[in-house]
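Chemist: coords please:
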Amino acid sequence: GSGARARVALGPAMTRLLRQRPGLRHVATRRVVGPRAALALATIALALLAGCATPPAPSPRALTTETPEAMVAAIRAAAGRDDAELAVQPLRDPEVDDLREQALALEASHRYPEAAAALDKALALVPEDPALLQERAEAALLEHDPVSAERLARHAFAIGARVGPLCRRHWATIERTRLLAGDAAGAAQAQLVASTCKVTGPDRF
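Modeler: Alright, predicted model coming up:
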């Protein structure tokens, strides 16, 4: 009868459904009597399958086509240097300097994960060094990890001098991570903050 036909038509849908919703197995294994019951079960199955097939929301579209290498080059160029500008240069442990040099050499060879690992070792020795944190942020960009890059750049700015070339590198990094996130307003804000990083030092006589 019509009830039997409904049960036959429901077979493939129920097979897929039971793989995804084992809790409905007891419903499917009960005897379906009459076309109304079969139709109701078919409706439930199709609705649940439609819900499972709903595609995820699309990711924000990036507002830049720069490669990670081009981004890092632009970030470092944004630092600039003016002899009249105030710049803080902390003293460092020779072991830390060696690790930084290793990271640069590895980066030049496009061995980005190894470069990041060398910087991680340096940060284990001096975890609150703003310059090291910034270098690690740039390494994260090269590894296609803008979320970590922005987190590191923001932390470096928060604990650093907030002026000078390093400050501009922080915000140039954040500008690009915001562009990658499709956040035009955030990128513009980062560019604006970067313009406030320049502080002229005292006159020299």
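
Chemist: For the helix or strand where T177 lies, C-alpha coordinates in PDB please.
Modeler: Using DSSP states H and E, T177 falls within helix 164-180. Written as PDB, here are the backbone C-alpha positions of helix 164-180 (Å, rounded to 0.1, in the frame of the first residue of the first chain):
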ATOM      1  CA  GLY A 164      60.100  54.900  17.400                       C
ATOM      2  CA  PRO A 165      60.700  52.400  14.500                       C
ATOM      3  CA  LEU A 166      59.700  49.400  16.500                       C
ATOM      4  CA  CYS A 167      56.300  50.900  17.300                       C
ATOM      5  CA  ARG A 168      55.700  51.500  13.600                       C
ATOM      6  CA  ARG A 169      56.500  47.800  12.900                       C
ATOM      7  CA  HIS A 170      54.000  46.800  15.500                       C
ATOM      8  CA  TRP A 171      51.200  48.800  13.900                       C
ATOM      9  CA  ALA A 172      52.300  48.000  10.300                       C
ATOM     10  CA  THR A 173      51.900  44.300  11.300                       C
ATOM     11  CA  ILE A 174      48.400  44.900  12.800                       C
ATOM     12  CA  GLU A 175      47.400  46.900   9.700                       C
ATOM     13  CA  ARG A 176      48.100  43.900   7.500                       C
ATOM     14  CA  THR A 177      46.500  41.300   9.800                       C
ATOM     15  CA  ARG A 178      43.400  43.500   9.800                       C
ATOM     16  CA  LEU A 179      43.500  43.600   6.000                       C
ATOM     17  CA  LEU A 180      43.800  39.800   6.000                       C
END
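
Chemist: That one - contacts with which helices or strands?
Modeler: Here helix 164-180 touches helix 68-79, helix 130-142, helix 146-159, helix 184-194, going by 3 or more C-beta pairs under 8 Å, 6 or more residues apart in numbering; DSSP states H and E. Using the backbone N, CA and C atoms, a C-beta is placed for each residue, glycine as well.

Chemist: quick one: the first one to helix 164-180, angle?
Modeler: Per axes from the mean of the first three to the mean of the last three C-alpha atoms, to 10 degrees, the angle that helix 68-79 makes with helix 164-180 is 140 degrees.
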